[in-house]
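Visitor: Build me a structure from this.
(one chain, ligands or ions: 1)
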Amino acid sequence: MRKGQIMKRKQKIPVIKGFLNLSEKNPTPIFWCPFCQIYHRHGWPEPTEHEKKFGSHRVAHCHSSSPFLSTGYCIKPFTGSELHDLSEGILKEWQKNMAKR
Ligand SMILES: [Zn+2]
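Guide: Residues are numbered from 1 along each chain as shown. Down below sits the predicted model:
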């Protein structure tokens, strides 16, 4: 039992980038789960400095045989600059598609 607990602690916890909805009174992060093919939403108490840097661990909300069920995941919100890069990528893709017409 103890050995199992130690082994479990050594399991690598995946870090998931999520969107933090700041328009809500209590912001909640959501992310697209590639295993369940749905968005998962979690509670979001004020994160500690460690959680802001490395992500905040959550028990998986997965409904399938997702590998997240055994490890949970650390949710790390996209930064402003990452969101900017995402929007730039969407704009470039749109411009490329428009140029083909
Ligand atoms: Zn899932």
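Visitor: C-alpha from now on. contacts and neighbour counts both.
Guide: Noted.
Visitor: Check what pLDDT the residue in the chain positioned nearest to the ion gets.
Guide: Using C-alpha to the ion, the closest approach of the chain to the ion is made by Cys62 at 3.4 Å. Per-residue pLDDT puts Cys62 at 96.
Visitor: show me the contacts for it.
Guide: Cys62 makes contact with 33, 35-36, 40, 68-69 under the criterion C-alpha atoms under 8 Å, 6 or more residues apart in numbering.
Visitor: now the strands for the protein?
Guide: 15-21, 28-33, 38-41, 56-58, 73-77 (DSSP state E).
Visitor: what's the most buried one of those?
Guide: Most buried of these by mean neighbour count (mean count of other C-alpha atoms under 10 Å) is strand 73-77; its value is a mean of 22.
Visitor: Partner strands of it and their direction?
Guide: Partners of strand 73-77 in the sheet, by DSSP bridges, are strand 15-21 (parallel), strand 56-58 (antiparallel).
Visitor: mind putting the ones you listed in CSV, distance to His84 included?
Guide: Below are these laid out as CSV (distance: least, C-alpha to C-alpha, whole Å):
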stretch, distance to His84
strand 15-21, 13
strand 56-58, 22
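Visitor: Now render those as a markdown table, adding mean pLDDT.
Guide: Below are these laid out as a markdown table (pLDDT from 0 to 100):
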| stretch | mean pLDDT |
| --- | --- |
| strand 15-21 | 90 |
| strand 56-58 | 92 |
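Visitor: of those strands, which approaches Trp94 most closely?
Guide: strand 15-21 (21.9 Å; C-alpha to C-alpha).
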